[in-house]
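All I have is the shape, not the residue letters:
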């Protein structure tokens with residue numbers, strides 16, 4: 001595995017199940033054990049019913065681009081070779097939203113509502129990042 005020059009997320013205790021699943025190329029989100037509401041990122045209390053109990057559940061990894069921004073400035077040297085690049089907010093079919101990157105799509109080709117699916121980038125032996133790729137028309 002090559003040296004990774006970009007910032008690497010810190011794996012907190014709250015988010016550990018997310019990163020452990022990502023290493024297995026599975027996408028999971030937190031679910032309230034009481035009302036079953038999904039939430040991401042992980043947090044101690046359910047915003048819906050105020051329960052402190054939760055589980056982690058696997059989700060489809062399919063969704064759509066909800067919003068995006070194109071970075072034209074280098075904010076970290078690790079991104080210098082990729083400017084311009086897009087950061088997207090993906091709304092998963094299950095309703096939760098995730099901030100990530102869209103791979104294989106030029107920033108000028110990104111559209112709100114574009115159908116996407118999760119892909120995984122193994123960046124270190126400990127951290128795998130879920131990113132998204134465009135779904136081909138007619139794909140499920």
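Alright, I've got the coordinates. Computed from a predicted model, the values in this text were never measured in an experiment. Numbers count the residues shown, from 1 in each chain.

ok, now which ones touch the nearest residue to residue 45 once chain neighbours are set aside?
Leaving aside its chain neighbours, residue 45 sits nearest to residue 52 (6.0 Å; criterion: C-beta to C-beta, 6 or more residues apart in numbering). No exception for glycine: its C-beta is placed from N, CA and C like everyone else's. The neighbourhood of residue 52, defined by C-beta atoms under 8 Å, 6 or more residues apart in numbering, consists of 44, 45, 46.

try residue 83
For residue 83, the contacting residues are 71, 72, 73, 74, by C-beta under 8 Å, 6+ apart.

still on that earlier bit, can you tell me the element the residue nearest to residue 45 falls in?
According to DSSP states H and E, residue 52 maps onto no helix or strand at all.

And it, its phi and psi?
phi -100, psi 0 (degrees, to the nearest 10).

for residue 60, same thing?
Backbone torsions of residue 60, given as degrees, to the nearest 10, read phi -70, psi -30.

I'd assumed residue 96 was in contact with it.
No. The criterion here is C-beta atoms under 8 Å, and residue 60 misses it with residue 96 at 11.1 Å.

which strands and helices sit next to the longest strand seen in the chain?
With secondary structure taken from DSSP state E, the chain has its longest strand at strand 62-71. Judged by 3 or more C-beta pairs under 8 Å, 6 or more residues apart in numbering; DSSP states H and E, strand 62-71 is in contact with strand 85-92, strand 97-103, strand 115-122.

remind me which residues of the chain are low pLDDT?
1-2, 137-140 (pLDDT under 70).

how far away is the nearest residue to residue 85 once chain neighbours are set aside from residue 39?
Nearest non-adjacent residue to residue 85, counting by C-beta to C-beta, 6+ apart: residue 71, 5.5 Å away. According to C-beta to C-beta, to the nearest Å, residue 71 stands 27 Å off from residue 39.
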